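Novice: from the sequence below, what's the structure:
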Amino acid sequence: MKKIAVIGDSHASLYSNVPARNRGVWKDSSLADLFDVKWLGPFTFWRLCREQKNFIDLDKPLQYSAGGVRCTTKVQPNQEVLIVLGEIDVRCHILKFGYDKYKDTINGMIDSIKKFVKSYDNKFKFHFQSIVPTIYKVNFGDKVPLFPFVGNDNERCDVTLYFNTKLKEMCDDLNAGYFDIFDIYADENNMMILEKSDHIVHAMKNIELEEYIKKYFNNIM
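Specialist: Numbers count the residues shown, from 1 in each chain. Predicted coordinates for the structure are as follows:
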């Protein structure tokens, strides 16, 4: 069985079973062999939009090293590919252009992501993970210098919800998979549930996620 290639920023480590990645360990040990996690570094959808295959080339072994772990972007023909990006875009970048412009910014980004996917002409089966809920800034304590914020909680929440809506529409248009874990981690205000996070910005493994993975990828497990 070909593993599912998970390519993205530090949120891709949610699918790693390596304890040092600090996202927990699978209760169902069979999930440990399901994913090939390619954590590229602290990167964004914006970079993918701008650089396209110069950033992620699924046919060529572009080299990356995050956390001392080397990986390449190359995957096998017809392999399932799960793209995990976007949290940094929401927290640090999109609102730099103004709250009144975030929808236009995201719409333009979606067009560029579509261009990237279409360039492979159905060579791979793409999936896009929903962007996880943004964390309440008050829960973030003194970590802000390392993980900067732009915009208030409500603004970042609005950006997350809109981006996820457009990601889902894009996936429907491209016949790609939309791997939607947002509700697993969102509270009644559509913000990250602190107890389901690493108390920074990342989601942690839990039984709900495991059950969703087994339902979503049941055809290849």
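Novice: use CA for all of it now, contacts and neighbours both
Specialist: Fine.
Novice: number of residues surrounding the closest residue to Lys137 other than its chain neighbours?
Specialist: Nearest residue to Lys137, sequence neighbours excluded (CA to CA, 6 or more residues apart in numbering): Asp153, at 6.8 Å. Asp153 has 17 neighbouring residues, counting by other CA atoms under 10 Å.
Novice: cool, and Asp187?
Specialist: 13.
Novice: phi first, then psi, for it.
Specialist: phi -90, psi -170 (degrees, to the nearest 10).
Novice: that older thread, report the contact partners of the residue nearest to Lys137.
Specialist: 134-137 (CA atoms under 8 Å, 6 or more residues apart in numbering).
Novice: with Met109 instead?
Specialist: The contact partners of Met109, by CA under 8 Å, 6+ apart, come to 45-46, 49.
Novice: how long is stretch 132-148 from one end to the other?
Specialist: 17 Å (CA to CA, to the nearest Å).
Novice: quick check: mean pLDDT of it?
Specialist: Averaged over stretch 132-148, pLDDT sits at 78.
Novice: for this structure, which spans come out with low pLDDT?
Specialist: Scanning the chain with the threshold set as pLDDT under 70 gives 1, 141-146, 221.
Novice: which residue is nearest the middle of it?
Specialist: Centroid-nearest residue in the chain, with CA atoms, centre = their mean: Val84, separated by 2.3 Å.
Novice: got the contacts of Asp153 as a markdown table, with distance to Lys74 and secondary structure columns?
Specialist: Output for the contacts of Asp153, formatted as a markdown table (distance: CA to CA, whole Å; DSSP: H, G, I helix; E, B strand; the rest coil):
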| residue | distance to Lys74 | secondary structure |
| --- | --- | --- |
| Thr134 | 30 | coil |
| Ile135 | 32 | coil |
| Tyr136 | 36 | coil |
| Lys137 | 36 | helix |
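Novice: for those residues, which one is nearest Ile7?
Specialist: Nearest to Ile7, judged by CA to CA, of those is Thr134 at 20.3 Å.
Novice: next up, the contacts around the closest one.
Specialist: Counting by CA under 8 Å, 6+ apart, Thr134 touches 87, 91, 153, 156-157, 160, 191-192, 201.
Novice: what sits against the residue lying closest to Phe124 once chain neighbours are set aside?
Specialist: Closest residue to Phe124 apart from its sequence neighbours, by CA to CA, 6+ apart: Asn78 at 4.5 Å. Asn78 is in contact with 123-125, counting by CA under 8 Å, 6+ apart.
Novice: let me know the secondary structure of Val37.
Specialist: What DSSP: H, G, I helix; E, B strand; the rest coil gives for Val37 is strand.
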